[in-house]
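Participant: Fold the stuff below for me.
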Amino acid sequence: MGGTAAPTSTASVADSRQVFHLKEVTKRWAGENGFVLTVPELTIHLGEKVALVGFSGCGKSTLLDLLAMVLRPNSATVFAFFAGQKERLDVIEAWRRKKLDTLAYARMLHMGYVLQTGGLLPFLSVRDNIGLSRQGLGLPVQDAVEEVADRLGIGRHLEKFPSQLSVGERQRVAIARAMAHEPSVVIADEPTASLDPINAEEIMVLFTRLTDEYGVTLVVATHEWDRVDELGFRRVNFKLEQDATHGTVRATVSG
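Facilitator: Residues are numbered from 1 along each chain as shown. So this is what the prediction gives:
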């Protein structure tokens, strides 16, 4: 591959502390051709880089949404999110008791999310888009925004609007917004799918280098298997089976 060279050091080897622990988690989609995602057991540690790899429709986005606590599982023996040094959030219990504010606050404080299309607000400047995650928490904005923008090579674009940027630059802004409030976890759904190969590689190298430096857990959904292997991600795979009688697709997570 061309473009920026991958980092040679593992600046943040995964911490022994858990961030997520899932056991016997299931999500079902009803319908004529139903879909069932099963997670027998999955543990993700602080500072780890994890790639959910597989073809379209295998359940990657469903698992991301479960981890992001925006999608309620149908059942779970264990679904724990370790939000801070000593905080353990029982996610399945929060869903059962309809503690949506608790889930929302944990997301806002401890998570960043990067959409495939960036999801920037077109009426806000780059500076204000990046600062949203800090403003929502009442944190100082200016210095942190400028620092993360400079690290991602977009410092000179802070006063521009998304429409004035290239696709690759907009995705860098989306990454900066997800990182600006220094979350424990960043979740990214196909963050380079809309980019050409050279831009995709450059942005993934910058993204992983930044999360390594910040000690952030990074979970990405991707079909670019070679790239995540080169960047030191742990793979999480999806095994697909189809029920011959009912046509239900069953995806089982492993890794």
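Participant: hey, let's count contacts and neighbours off CA atoms from now on
Facilitator: Noted.
Participant: The stretch 101-250 of the chain: strands as residue ranges?
Facilitator: 111-114, 185-189, 217-222, 234-242, 249-254 (DSSP state E, counting those that start in this stretch).
Participant: Sheet-wise, list the partners of the last one with their directions.
Facilitator: I take that to be strand 249-254. strand 35-45 (parallel), strand 234-242 (antiparallel) (DSSP bridges).
Participant: For this structure, which helix or strand comes out least confident on mean pLDDT?
Facilitator: Within the chain, no helix or strand scores below helix 225-230, which has a mean of 82 by mean pLDDT, DSSP states H and E.
Participant: List the contacts of it.
Facilitator: 6, 51, 53, 201, 235 (CA atoms under 8 Å, 6 or more residues apart in numbering).
Participant: quick one: buried residues of that helix?
Facilitator: For helix 225-230, burial by neighbour count (16 or more other CA atoms under 10 Å) applies to 227, 228.
Participant: Please apply the same query to stretch 119-131.
Facilitator: When burial is assessed from 16+ other CA under 10 Å, stretch 119-131 yields the following buried residues: 120, 125, 126, 127, 128, 129, 130, 131.
Participant: how long is it from one end to the other?
Facilitator: End-to-end span of stretch 119-131 (CA to CA, to the nearest Å): 14 Å.
Participant: For that stretch, report the contacting residues that lie outside it.
Facilitator: 141-142, 145-146, 157-163, 170, 173-174, 176-178, 180.
Participant: Quick one: the strands of the stretch 101-250 of the chain as a markdown table, columns for mean pLDDT and mean neighbour count too.
Facilitator: Shown next, in a markdown table, are the strands of the stretch 101-250 of the chain (pLDDT from 0 to 100; neighbours: other CA atoms under 10 Å):
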| stretch | mean pLDDT | mean neighbour count |
| --- | --- | --- |
| strand 111-114 | 94 | 25 |
| strand 185-189 | 95 | 24 |
| strand 217-222 | 94 | 24 |
| strand 234-242 | 88 | 17 |
| strand 249-254 | 88 | 19 |
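Participant: Format these as CSV; extra columns: distance to residue 79.
Facilitator: Below are these laid out as CSV (distance: least, CA to CA, whole Å):
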stretch, distance to residue 79
strand 111-114, 16
strand 185-189, 16
strand 217-222, 16
strand 234-242, 17
strand 249-254, 15
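Participant: Among those strands, which comes closest to residue 25?
Facilitator: With CA to CA as the criterion, residue 25 lies closest to strand 249-254 of those, at 9.9 Å.
Participant: And the closest one, how far out from the chain middle?
Facilitator: 20 Å (CA atoms, centre = their mean, to the nearest Å).
Participant: How about stretch 212-229?
Facilitator: 9 Å.
Participant: any idea of the mean pLDDT for the longest helix along the chain?
Facilitator: The longest helix of the chain (DSSP state H) is helix 197-214. Helix 197-214 carries an average pLDDT of 90.
Participant: can you check stretch 19-36 too?
Facilitator: For stretch 19-36, the mean per-residue pLDDT is 87.
Participant: List the buried residues for that stretch?
Facilitator: 19, 20, 21, 22, 23, 25, 26, 27, 28, 35, 36.
Participant: With stretch 189-201 instead?
Facilitator: Buried, per 16+ other CA under 10 Å, within stretch 189-201: 189, 190, 191, 192, 199, 200, 201.
Participant: Would you map the helices across the protein?
Facilitator: 60-67, 91-96, 100-110, 126-135, 142-151, 167-179, 197-214, 225-230.
Participant: So, low pLDDT: which residues of the stretch 51-200 of the chain?
Facilitator: Along the stretch 51-200 of the chain, segments meeting pLDDT under 70 span 84-86.
Participant: List phi and psi for residue 184.
Facilitator: phi -80, psi -30 (degrees, to the nearest 10).
Participant: now the contacts of stretch 119-131: which count as buried?
Facilitator: Counted by 16+ other CA under 10 Å, the contacts of stretch 119-131 give 141, 145-146, 157-158, 161-162, 170, 173-174, 176-178, 180 as buried.
Participant: Nothing else from me, thank you.
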